[in-house]
Structure formats: C-alpha cells, structure tokens
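>>> dropping the sequence and predicted coords here.
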Amino acid sequence: MPDAPLITDIAALLGLSTEQAREIRLEPCGTGGNNRVYSAEYGGRKLLVKQYYRHPSDARDRLHAEDTFLRYAAVAGIACVPRTVAADARLGLGCYEFVEGSKLEGPDVSAARVSEAAEFFLKLNDPAHRAAARILPRASEACFSIGEHFAMVDRRTAQLAGIPDNADVDRAARDFVGELAAAWEGVKHRIAREASGRSQPLDALVVEQCVSPSDFGFHNALLRKTGELCFLDFEYAGWDDPAKMVGDFFSHPAVPVAREHFDRFVRLTMEFSPHARVLEARARLLLPVFQTKWCCIILNEFIPEFARRRRFADPGVDEGGRKRRQLEKARRLFASMEC
C-alpha cells in the first residue's frame, strides 16, 4: 500500500482539505512499465494517479510530455484520450481522468479499430489545430532523417552489446544481440542503396513533422463500454517523424497489428501532409529500422539502468522470469522482420 506522504502529496495537488485527504483510498493499478500508477478514490470520485520515474541518468520529463500532450488534445477537441485533472512537476505527480474499459487482445485488432487509430492521429494533425501544438516538445528519440534513425538504432545495439554476463539468460541474450546486430548492418545497407537509387531521394524533402502520440499502439488503449477506444500513456509524445509513428505502430509486440493493415493505415495517416505519397514510400522503406529498434527495446530488461525503472514501477517484479519472456518476444519479432 502506498505510504502516507504520497497521499499527502496527492491531496495537496488536488487542493483537498485535511479532512478530504483522510478519505483518499489509493490502490496500485498494476500498469506502467516506468511509473507507479494508482487509482485514487475520494468523495465518490475516482482518478488515475501517476508517480513518474525520475533519475539523474534519465533526463526525459515524462510528466511534462504527457501533460502537455493531453492539454493540446483538449484544445483540439479530441475526446478519445483522458483529461488532465492536475499535474505538478515538483512532486512528479499527475492526476488524470480514470478510464473504465477493457484491454484489447490480438483478435480485437480489426480493420475498423485500425481506422479508429488512424483517425485519432489525423485529428492530432488537423491543420486547424497544429499551430496550438507548438507548445509540444520533441517526442522521445525523435529523428528527422534516415541517418538519424540509423544512429539511434546503432546506439541501442551498442548499448545491448554490454549486457552483463551474469546468468544463462544473459548469455543467451548476448548471443541474440550479436545476430541482431549483424542483420541490422544488412538492413542499413539495403535501405541506403534503395534510398539513393530513387529519382527523388527520400531525405531530399524536408520531412514534415507530425504530432505523434509516440509508443502508439493498441497496448496503450482501452475499449470503453460505449464501444469506442480511449488512447493512453503519452509520456514520450511530441513532434516526430511520421515514418517512426508508423513503424512503432506495427512493431510493438504487446498487441500486434497484422501486416495486412499496413498499406491502408499508411495511406490514411499520411493524408495529413501535402507530401503524402513521399511519406508513404518513406514509411514503407524504414519499417525494418523500427522493427530492429523494437527488438532492442524489448531487451531493455537486460540493461541495469532500465532494470532500475522496472523496480521503481514494480518492486516485486521477477527479473529473471521477465528477462526470459522478453528474450522470447525479441526473437519472435526478429523472425518476422522484413530484412
């Protein structure tokens, strides 16, 4: 059970009296890979509370990214996200609308649901509201050229090369990373060759930035009782490359989106730009970059700094068991990659 100081901070954030603070009932939600997440009930009201991870080794301001994104969504009249109730950077706390709903499973990912996700993205990038989006930061790991995307994955593969050799599962992960890194070199060479061989090089056009939910996918959504989706978790959101949004959407392993939906999703979402056809081609070409990136992200469990975040979010996590599950997920994604 969360300790009394956290309840005191939540009461202060919400402007509650001492008497009202004593009514708060706080329960861990069991969600959130980086943050501690709770439901808070008081006076017949229920909120979601996030206690954001902060550490000197990780400079990302997750609270600012999420709060700013949700405030922009409110200005844009987007109803398929939670409302911000209160947030305080000093306390590292955010209070949000508690969304009642069920998680999606693979069979739930229909063409209609994919279209719903595309419509959400298009609303975020409606020309009528994009000027208000100037307040948004760059998304986490935002890149705007093929070279930047290559460098980002290079950094991730290099970081994984230093996995500590502590147990059998660690050694198995190191062997897999060697195989992944070799395949990545082939991916880079193929993409560079194809990009340079086009009549209009895909990086010659200044990439039109998009407002991206980041970490976008059905793993970060709930199905409301109304039958509509509510999208969640925007701590990495901001301005980004549209190709990265697409690649992340089709690479996240938690609730996979079938490849059969790829062409239609890309066609729908890139309509936000007058350069839609160029951006479509770019998204197709760069998909293996993001598949490789997600293989690396899945293996973050083996990196000590990431393990600290996991322990913060869930002090009772079975680290050995989680490592084995993540390694198997990475192997499955790698087997499906379009190298």
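Happy to help now that I have it. Residues are numbered from 1 along each chain as shown.
>>> hmm, which helix or strand of the chain has the shakiest average pLDDT?
Scoring the helices and strands of the chain by mean pLDDT, DSSP states H and E places helix 304-313 at the bottom, with a mean of 70.
>>> for the record, mean pLDDT for stretch 234-254?
For stretch 234-254, mean pLDDT rounds to 95.
>>> quick check: end-to-end length of it?
Counting by Cα to Cα, to the nearest Å, you get 16 Å between the two ends of stretch 234-254.
>>> without its sequence neighbours, what residue ends up closest to the spatially most central residue of the chain?
Central residue of the chain (Cα atoms, centre = their mean): Asp215, 1.8 Å from the mean position. Nearest non-adjacent residue to Asp215, counting by Cβ to Cβ, 6 or more residues apart in numbering: Tyr236, 5.1 Å away. For glycine as for every other residue, the C-beta is placed from the backbone atoms N, C-alpha and C.
>>> re the thing from before, so the residue nearest to the centre of the chain sits against Gly238, correct?
No - judged on Cβ atoms under 8 Å, Asp215 makes no contact with Gly238 at a distance of 11.4 Å.
>>> for the residue nearest to the centre of the chain, give its distance to Thr292.
From Asp215 across to Thr292, the span is 17 Å (Cβ to Cβ, to the nearest Å).
>>> if I look at the residue nearest to Asp215, how far off is Tyr72?
For Tyr236, the distance to Tyr72 - Cβ to Cβ - is 15 Å.
>>> tell me the secondary structure at Leu268.
On the three-state scheme (DSSP: H, G, I helix; E, B strand; the rest coil), Leu268 is labelled helix.
>>> to clarify, my last question referred to Val257.
coil.
>>> thinking again about what came up before, starting at the chain centroid, how far to the following helix or strand past the least confident helix or strand of the chain?
Using DSSP states H and E, the helix or strand that follows helix 304-313 towards the C-terminus is helix 319-336. A distance of 18 Å separates the centroid of the chain from that of helix 319-336, by Cα atoms, centre = their mean, to the nearest Å.
>>> same check on stretch 95-111?
15 Å.
>>> the biggest helix by length in the chain packs against which elements?
Ranked by residue count and defined by DSSP state H, the top helix of the chain is helix 168-196. When contacts are defined as 3 or more Cβ pairs under 8 Å, 6 or more residues apart in numbering; DSSP states H and E, helix 168-196 packs onto helix 146-160, helix 276-298, helix 319-336.
>>> where does the stretch 101-250 of the chain have low pLDDT?
197-207 (pLDDT under 70).
>>> Ser145 and Leu286, how far apart?
Noted for Ser145: a distance of 11 Å to Leu286, by Cβ to Cβ.
>>> go on, Leu299?
Distance, Leu299 to Leu286, using Cβ to Cβ: 21 Å.
>>> coming back round to it: so which bits of the longest helix of the chain are buried?
169-170, 173-174, 176-177, 180-181, 183-184, 187-188, 191, 195 (16 or more other Cβ atoms under 10 Å).
>>> got the domain ranges for the protein?
Domains of the chain are assigned by automatic domain parsing as 4-97, 102-336.
>>> how long is the shortest one end to end?
Spelled out, it's domain 4-97. From its first residue to its last, domain 4-97 covers 22 Å (Cα to Cα).
>>> so Asp9 makes contact with Cys95?
No - look at Asp9 against Cys95 with Cβ under 8 Å: they stay out of range, at 10.5 Å.
>>> show me where the stretch 1-150 of the chain has strands.
25-28, 36-42, 45-51, 84-88, 93-97, 102-103 (DSSP state E, counting those that start in this stretch).
>>> ok, the fifth one: who's next to it in the sheet?
For strand 93-97, sheet partners with direction are given as strand 45-51 (antiparallel), strand 84-88 (antiparallel), following DSSP bridges.
>>> turn those strands into TSV, including mean neighbour count.
Converted to TSV, those look like this (neighbours: other Cβ atoms under 10 Å):
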stretch	mean neighbour count
strand 45-51	20
strand 84-88	18
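>>> for Glu260, find the nearest of those.
Distance to Glu260, taken as Cβ to Cβ, is lowest for strand 45-51 among the strands paired with strand 93-97, at 33.8 Å.
>>> using the three-state scheme, assign the residue nearest to Asp215.
coil.
>>> between the two ends of stretch 218-232, what distance do you get?
9 Å.
>>> tell me the buried residues in that stretch?
Per 16+ other Cβ under 10 Å, stretch 218-232 contains these buried residues: 218, 220-223, 229-232.
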